[in-house]
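# this one's structure only:
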């Protein structure tokens with residue numbers, strides 16, 4: 001499944017909405033970058049549910065359990081850490097789950113959810129309680145990864161921020177396309193992330209009313225990136241637009257994205273849509289920003305601006321028509337559970353996080369950043385490095401055995417035996433080639449033992 005993304009900084013998320021835990025591993029972070037966990041938690045709290053009348057009643061702590069990848073920066077400071085250069089892994093434990101809300105819907109797909117398409121693709125192999133792997137719950141580890149990238153970039157003067165630009169037909173005013181300011185957002189007693197306080201109050205009223213009616217409403221989010229220099233991004237398929245879009249479309253409920261003036265450009269003439277160049281404080285700038293800070297897929301030094309369309313939450317309490325896939329008949333469905341009447345406010349930090357991961361990857365690619373490694377010289381320091389590798393290997397071994405358990409279940413269903421000599425020989429050949437000629441036989445010996453233990457594990461699972 002496509003649960004990983006990123007070339008320079010690779011993000012892998014795992015888990016499911018009602019699984020015991022969800023998590024994220026970030027690979028490729030440089031060593032020695034300061035990370036403030038209090039700031040991380042503040043960022044995560046912005047996407048929390050259970051905080052008001054217009055969000056789900058499901059309330060989780062959303063506190064990361066850092067497994068590896070960070071060390072304390074200062075003794076006595078429980079908030080400030082440094083990246084170690086190894087994989088950064090964080091786990092979040094799901095505690096407020098209610099899988100029973102979904103027991104009756106195993107073969108009854110909820111309209112506009114991923115229930116039907118995932119059943120067609122994966123059958124009964126997936127647990128779909130609360131959306132399973134397709135749930136918005138998986139945006140929590142995404143937000144953790146994005147918050148890490150944000151902190152690293154903020155030290156370089158690059159900032160990412162967003163506001164709710166509309167809920168239903170109620171619109172906020174737009175950010176200044178030439179000089180957007182984060183301080184403009186949410187400066188009112190409700191702390192709702194809009195520029196216009198009155199528009200925000202009307203949005204809150206609409207979302208609250210939808211919650212009372214058992215219905216939902218969609219909206220849009222406008223996001224800005226400031227401080228990014230010109231020249232970041234690649235033409236065609238690794239452009240700024242395509243890289244941001246890939247991450248943003250990983251957020252459930254996102255149905256559209258536009259950069260700069262977006263679809264309005266189709267109604268303009270070239271003389272209206274073109275961004276004239278000029279000089280300001282000794283720098284090349286554009287006098288307008290219809291292109292949203294991007295030309296030819298590459299940043300031009302102006303603020304990057306884009307807008308995201310978020311559909312109404314498909315989980316509503318009104319009766320809906322659907323089907324019983326097992327009985328092959330049409331039925332009506334009344335949902336149980338705890339659902340957001342509008343996902344837009346909670347999706348906002350997710351958009352910032354997705355953008356941060358995309359921009360950081362593009363920035364590192366543009367600068368050809370190499371992860372610094374401290375040369376190890378002493379026997380003790382070499383053993384420390386081996387210990388770190390052993391930690392990673394044991395984690396990956398456990399993950400591999402979990403997958404072997406799933407394979408055992410499939411083999412049992414299909415009546416297949418445990419041994420597959422052709423597959424085993426192919427694995428041994430592959431790992432030998434990866435290890436290199438001088439180390440191949442040693443690595444293959446280890447893998448022969450690993451294959452034997454895996455077969456024993458599968459036999460146990462197939463009893």
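Everything's here; your move. What you see is a predicted model; the values in this text were computed from it and never measured.

# My guess is residue 219 contacts residue 168. True?
Yes - contact criterion C-beta atoms under 8 Å: residue 219 and residue 168 qualify, at 6.6 Å. Heads up, the C-betas are built off the backbone N, CA and C, glycines and all.

# Tell me which of these two has more neighbours.
Set residue 219 next to residue 168 and count neighbours by other C-beta atoms under 10 Å: residue 219 wins out with 27 against 16.

# Would you quantify the distance from residue 355 to residue 308?
Going from residue 355 to residue 308 by C-beta to C-beta, to the nearest Å gives 10 Å.

# joint contacts of the two?
With contacts defined as C-beta atoms under 8 Å, 6 or more residues apart in numbering, the residues shared by residue 355 and residue 308 are 223, 248.

# ok, the two, which is more surrounded?
Using other C-beta under 10 Å, the more surrounded residue of residue 355 and residue 308 is residue 308, with 29 against 26.

# just checking, that one is part of a strand?
Yes - judged by DSSP: H, G, I helix; E, B strand; the rest coil, residue 308 forms part of a strand.

# Residue 66 in helix, strand or coil?
Residue 66 ends up strand, using three-state DSSP.

# partners of the nearest residue to it once chain neighbours are set aside in the sheet?
Leaving aside its sequence neighbours, residue 66 sits nearest to residue 90 (C-beta to C-beta, 6 or more residues apart in numbering; 5.4 Å). Bridge pairing for residue 90 (DSSP bridges) gives the partners residue 24, residue 66.

# these two touch, right, residue 90 and residue 21?
No - counting by C-beta under 8 Å, residue 90 stays clear of residue 21, with 10.4 Å between them.

# Mind checking which of these two has more residues around it?
residue 90 (24 against 13).

# so where do the strands sit in the stretch 301-450 of the chain?
304-310, 320-324, 329-333 (DSSP state E, counting those that start in this stretch).

# Need phi/psi at the residue nearest to residue 317 when sequence neighbours are not counted.
Nearest residue to residue 317 in three dimensions, chain neighbours excluded: residue 214, at 3.2 Å (C-beta to C-beta, 6+ apart). In terms of degrees, to the nearest 10, the main-chain angles of residue 214 are phi 70, psi 20.

# give the contact list for residue 214.
Per C-beta under 8 Å, 6+ apart, neighbours of residue 214: 316, 317, 318.

# Kindly reformat those as CSV containing neighbour count and pLDDT.
As requested, the contacts of residue 214 are exported to CSV (neighbours: other C-beta atoms under 10 Å; pLDDT from 0 to 100):
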residue, neighbour count, pLDDT
316, 20, 88
317, 16, 88
318, 11, 89
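
# how close does residue 335 sit to residue 324?
15 Å.

# ugh, typo on my part, it should be residue 227
In terms of C-beta to C-beta, residue 227 sits 54 Å off from residue 324.

# secondary structure element for the residue most central in space within the chain?
Nearest residue to the geometric centre of the chain (C-alpha atoms, centre = their mean): residue 142, 3.0 Å. For residue 142, the host element (DSSP states H and E) is helix 139-154.

# Considering helices and strands only, name the one in the protein with the lowest mean pLDDT.
helix 379-414 (a mean of 81; mean pLDDT, DSSP states H and E).

# Same question for that one: list its buried residues.
Under the neighbour-count criterion of 16 or more other C-beta atoms under 10 Å, helix 379-414 has 404, 407, 408, 411 buried.

# Next, give me the two most distant ones among these.
Using C-beta to C-beta, the pair of the buried residues of helix 379-414 lying farthest apart is 404 and 411, separated by 10.1 Å.

# what touches both of these two?
Common contacts of residue 404 and residue 411, defined by C-beta under 8 Å, 6+ apart, comprise residue 458.

# where exactly do the helices run in the stretch 201-350 of the chain?
240-248, 270-273, 344-367 (DSSP state H, counting those that start in this stretch).

# ok, residues contacting the second one?
Yep, that's helix 270-273 we're talking about. Defining contact as C-beta under 8 Å, 6+ apart, one finds that helix 270-273 is touched by 261, 265, 290.

# Show me how the record splits the chain into domains.
4-367, 379-461 (automatic domain parsing).

# rank the ones you listed by mean pLDDT and give me the bottom one.
Among the domains of the chain, domain 379-461 carries the lowest mean pLDDT, at a mean of 85.

# The residue nearest to the centre of the chain and residue 349 touch, don't they?
No - if you go by C-beta under 8 Å, residue 142 and residue 349 don't touch, sitting 9.6 Å apart.

# In space, what's closest to residue 259 - neighbours in sequence excluded?
With C-beta to C-beta, 6+ apart, the residue lying closest to residue 259 is residue 292, at 3.9 Å.

# Tell me which residues touch the one you found, please.
With contact taken as C-beta under 8 Å, 6+ apart, residue 292 is in contact with 177, 259, 260, 261, 262, 304, 305, 306.

# And for residue 134?
Residue 134 neighbours (C-beta under 8 Å, 6+ apart): 113, 114, 118, 128, 252.

# at 7 Å instead, please
Residues in contact with residue 134 (C-beta atoms under 7 Å, 6 or more residues apart in numbering) are 114, 118, 252.

# Just name the closest of those to residue 5, please.
residue 252 (14.9 Å).

# what's the neighbour count on the closest one?
Neighbours of residue 252 using other C-beta under 10 Å come to 21.

# What does the spatially closest residue to it that is not a sequence neighbour show for phi and psi?
In space, and not counting its chain neighbours, residue 252 is closest to residue 136: 4.9 Å by C-beta to C-beta, 6+ apart. When read as degrees, to the nearest 10, the backbone of residue 136 gives phi -60, psi -10.

# Counting neighbours, what do you get for residue 136?
If you count neighbours by other C-beta under 10 Å, residue 136 ends up with 24.

# again with the one 4 residues further on
Residues lying near residue 140 (other C-beta under 10 Å) number 25.

# any idea how far residue 355 is from it?
Residue 140 is 17 Å from residue 355, by C-beta to C-beta.

# what do you get for residue 28?
Applying C-beta to C-beta to residue 28 and residue 355 gives a distance of 18 Å.

# Now residue 326: closest residue in space that isn't a chain neighbour?
Distances taken as C-beta to C-beta, 6+ apart put residue 107 closest to residue 326, at 4.1 Å, once the chain neighbours are dropped.
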